[in-house]
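**Student:** what follows is a predicted protein model with its sequence.
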Amino acid sequence: MTPTIRDIEDADVPAVIALWHEAGVARPWNDPATDIAFARRGPHGTVLVAESEGRIVGTAMAGEDGHRGWLYYVAVDPAHQGGGLGRLMVEAGEAWLAGRGVWKVQLLVRRENEAVLGFYDHLGYRDTNAVCLQKVIARG
């Protein structure tokens, strides 16, 4: 059965958080509920979900900053991995961004997650040879 890909709804949040933990994309320093709420607070971001037989089986958070688009939390239920759902989630995120006039999409891959690099390479993503720096200026 082909999953339905749609914007997240309030009732989906617990299942999305559980999926992020199960798929290994959640990290202790990022509160998933806060990240979801932040993505949904305005027109510049969303969380897309794939629903199959009443269950959330995939996600992709998409956002744009006025210059380029970003994908985060691309996750697929481990029982559904390897069947093309990850590609569908990335394509759904790209389509969401393209619909807002974004022509460049970026994403971050943690160094320890080398296994996923081949997946993104197959989808046309390339290493930008840039260093990502961050600073937390406020939390709350």
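**Tutor:** Cool, the structure landed. Residues are numbered from 1 along each chain as shown.
**Student:** buried residues of the helix ranked longest in the chain, list them for me.
**Tutor:** In the chain, with assignment by DSSP state H, the single longest helix is helix 85-98. Neighbour-count burial for helix 85-98, counted by 16 or more other CB atoms under 10 Å, picks out Leu85, Gly86, Leu88, Met89, Val90, Ala92, Gly93, Glu94, Trp96, Leu97. To be clear about C-beta, it is placed using only N, CA and C from the backbone, and glycine gets the same treatment.
**Student:** chain center to it: distance?
**Tutor:** Taking CA atoms, centre = their mean, to the nearest Å, one finds helix 85-98 lying 9 Å from the centre of the chain it belongs to.
**Student:** buried set for the helix or strand bottoming out on mean pLDDT in the chain?
**Tutor:** None of the helices or strands of the chain scores lower by mean pLDDT, DSSP states H and E than helix 117-122, at a mean of 92. Buried positions in helix 117-122, judged by neighbour count with 16+ other CB under 10 Å: Tyr120.
**Student:** adjust the sequence numbering to begin at 429 for everything that follows.
**Tutor:** Okay, residue one is now 429; in that scheme the one you just asked about reads as helix 545-550.
**Student:** now the two most distant members of the buried residues of helix 513-526.
**Tutor:** Leu513 and Leu525 (18.9 Å; CB to CB).
**Student:** just checking, what packs against the longest strand seen in the chain?
**Tutor:** When the chain is parsed with DSSP state E, its longest strand is strand 483-492. Here strand 483-492 touches helix 441-451, helix 460-468, strand 473-480, strand 497-504, helix 513-526, going by 3 or more CB pairs under 8 Å, 6 or more residues apart in numbering; DSSP states H and E.
**Student:** tell me what the fourth one is packed against?
**Tutor:** Right, strand 497-504. helix 441-451, helix 460-468, strand 483-492, helix 513-526, strand 533-535.
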